[in-house]
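**Q** generate coordinates for the sequence data below:
(chains A, B, C and D)
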There are 2 protein chains.
Amino acid sequence: MPKRADLSDTFCPVGRSAELLGDRAVLLILRDLFFGRRRFEAIAANTGLGPQLVSARLKLLVVEHVVIKQAYRERPPRYEYQLTAKGKDLFGVLYAMRNWAEKWAYTPGETGDGPAMRYIHRACGADVGTEAVCPGCGELLRYGDLKGDPSPALRAEQEAKGA
Amino acid sequence: MPKRADLSDTFCPVGRSAELLGDRAVLLILRDLFFGRRRFEAIAANTGLGPQLVSARLKLLVVEHVVIKQAYRERPPRYEYQLTAKGKDLFGVLYAMRNWAEKWAYTPGETGDGPAMRYIHRACGADVGTEAVCPGCGELLRYGDLKGDPSPALRAEQEAKGA
DNA sequence: ATAGTGACTATGATAATCATAGTAGCAAGC
DNA sequence: GCTTGCTACTATGATTATCATAGTCACTAT
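**A** This is a model prediction of the structure:
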């Protein structure tokens, strides 16, 4: 392919996220990091990705300050990868992906009688289910429930594209 | 590239989502659909993607029942694309991507004094901000706050990979 | 001395992407 | 009735990313 289009200068927040997250390998590596896998070989094995892809994406994630590479032993040198605060904040995205897949990506009965992965909120003990709620009132949040107001810069950018 | 690895048979819900969402073009097209753009040319113009990529991804989204293609005029035949219920449920993912980007993907002051896109919950009037909350207790939901319990099938799959 | 481990890098075939140009069906204007 | 324009695409060729497989390097363990 030719160099893929750069989205890092768009004013649209989804576009900026897509620059990093619109990539299967990145998503799978992040998933493994959230699951607690920190070592190169463990990530490569579990994701099924080849070592150069894992290597390239981890480098990218380090450059983006989503992950830090740290030596856990000096001799011989061995490294592990950890999520930064910026990386840990991607939890919401992976969590939303999980929620969608639990609802739509399995045939009935495929996972037994429960979800493929059940999540309990440690603080209150509630099963978080698969839906998002409004931080203001606690009601379910769905497409159409929010009123969007783009910043002037974003509005201007979209109009310039004539779409 | 060789044929990209198939993730649709993994038991991990994030993996299944990544099969569809780990693609820049899919993400950008979905964003435009959520913004109300339905016509081919409008999507191509706003995303900046070439027409064959838009064509290929819309076909994929139709096959996946995320989008439906409908004629809005018979003569000459003209079509538009709309999100299905399955597609509308992806709102949570795009919303989470937006939340992350608002927090991390802009330099200070780049969007003026507010977010690039402000969202208000129509039902209660609250600004939803950029954080997710627990549906059970309403507290902020972050990495580490949830206890995950994989289904037996998912656990077995991961152990088989030796990671 | 040989085998093993962990973290990669090198190589070559294949396939996806981009930019640009072109097609098809039809309507409206001159 | 001929050209221009609109919408929704398809075709072509150059470029580059990805995969599978093999190999490297710096050690440690037996």
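
**Q** for stretch A:106-124, measure first residue to last.
**A** Start-to-end span of stretch A:106-124 (C-alpha to C-alpha, to the nearest Å) is 28 Å.

**Q** give me the contact list for it.
**A** Residues outside stretch A:106-124 that contact it (C-beta atoms under 8 Å, 6 or more residues apart in numbering or on different chains): A:95, A:98, A:101-102, A:126-128, A:130, B:11-13, B:16, B:134, B:136-137, B:139, B:141, B:145-154. All C-beta atoms are positioned from the backbone trio N, CA, C, and that covers glycine.

**Q** in ChimeraX, select just the buried ones from those.
**A** A single ChimeraX command selects the buried members of the contacts of stretch A:106-124 (16 or more other C-beta atoms under 10 Å in any protein chain shown):
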select /A:95,98,101,102,128,130 /B:11,12,13,16,134,136,141,145,146,150,151,154
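
**Q** give me the subset of the contacts of stretch A:106-124 lying in helices.
**A** Within the contacts of stretch A:106-124, residues falling in helices by DSSP state H are A:95, A:98, A:101, A:102, B:13, B:16, B:152, B:153, B:154.

**Q** the third one reaches residue B:13, doesn't it?
**A** Yep, that's residue A:101 we're talking about. Yes. Residue A:101 lies in contact with residue B:13 (C-beta atoms under 8 Å); the separation is 3.6 Å.

**Q** how near is residue A:65 to residue A:39?
**A** 20 Å (C-beta to C-beta, to the nearest Å).

**Q** those two: which has the busier surroundings?
**A** More neighbours surround residue A:39 than the other of residue A:65 and residue A:39, with 15 against 12 (other C-beta atoms under 10 Å in any protein chain shown).

**Q** that older thread, and DNA strand C, which of the ones in helices among the contacts of stretch A:106-124 contact it?
**A** Among these, none lies close to DNA strand C by the criterion of C-beta under 7 Å from any atom of the strand.

**Q** quick one: which of those is nearest residue A:28?
**A** Closest to residue A:28 out of the ones in helices among the contacts of stretch A:106-124 is residue B:16 (11.3 Å), distances taken as C-beta to C-beta.

**Q** residues contacting that closest one?
**A** Residue B:16 neighbours (C-beta under 8 Å, 6+ apart): A:101, A:105, A:106, B:7, B:8, B:10.

**Q** what is the neighbour count of the last one?
**A** Spelled out, that is residue B:10. Residue B:10 has 23 neighbours, counted by other C-beta under 10 Å.

**Q** over to residue A:161?
**A** 13.

**Q** verify the contact between it and residue B:44 for me.
**A** No. Contact criterion C-beta under 8 Å: residue A:161 and residue B:44 do not qualify, at 9.9 Å.

**Q** which of the contacts of residue B:16 lies closest to DNA strand D?
**A** Nearest to DNA strand D among the contacts of residue B:16, counting by C-beta to the nearest atom of the strand, is residue B:7 at 9.5 Å.

**Q** that closest one contacts residue B:18, correct?
**A** Yes. Counting by C-beta under 8 Å, residue B:7 touches residue B:18, with 5.9 Å between them.

**Q** mutual contacts of these two, please.
**A** A:24, A:28.

**Q** pick out whichever of the two has more residues nearby.
**A** Looking at residue B:7 and residue B:18 with other C-beta under 10 Å, you find the greater number of neighbours at residue B:18, namely 26 against 20.

**Q** tell me which helix or strand the more buried one sits in.
**A** According to DSSP states H and E, residue B:18 maps onto helix B:13-21.

**Q** off-centre distance for that helix?
**A** 10 Å (C-alpha atoms, centre = their mean, to the nearest Å).

**Q** what do you get for stretch A:93-101?
**A** Per C-alpha atoms, centre = their mean, the centroid offset for stretch A:93-101 relative to its chain is 9 Å.

**Q** stretch A:35-50 now?
**A** Distance, centroid of stretch A:35-50 to centroid of chain: 16 Å (C-alpha atoms, centre = their mean).

**Q** and that stretch with chain B, contact?
**A** Yes. Shown here: stretch A:35-50 in contact with chain B (C-beta under 8 Å from any C-beta of the partner chain) through A:35, A:37, A:42, A:43, A:45, A:46, A:48, A:49.

**Q** are we agreed that the third one is in a helix?
**A** Yes. Counting by DSSP: H, G, I helix; E, B strand; the rest coil, residue A:42 is located in a helix.

**Q** that one - how many residues pack around it?
**A** Count around residue A:42 with other C-beta under 10 Å applied: 17.

**Q** angles on the backbone of residue A:71, please.
**A** Dihedral angles of residue A:71 (phi, psi; degrees, to the nearest 10) stand at phi -80, psi 130.

**Q** pLDDT score for it?
**A** Looking at residue A:71, its pLDDT stands at 89.

**Q** the one 10 residues further on too?
**A** The predicted structure scores residue A:81 at 96 on the pLDDT scale.
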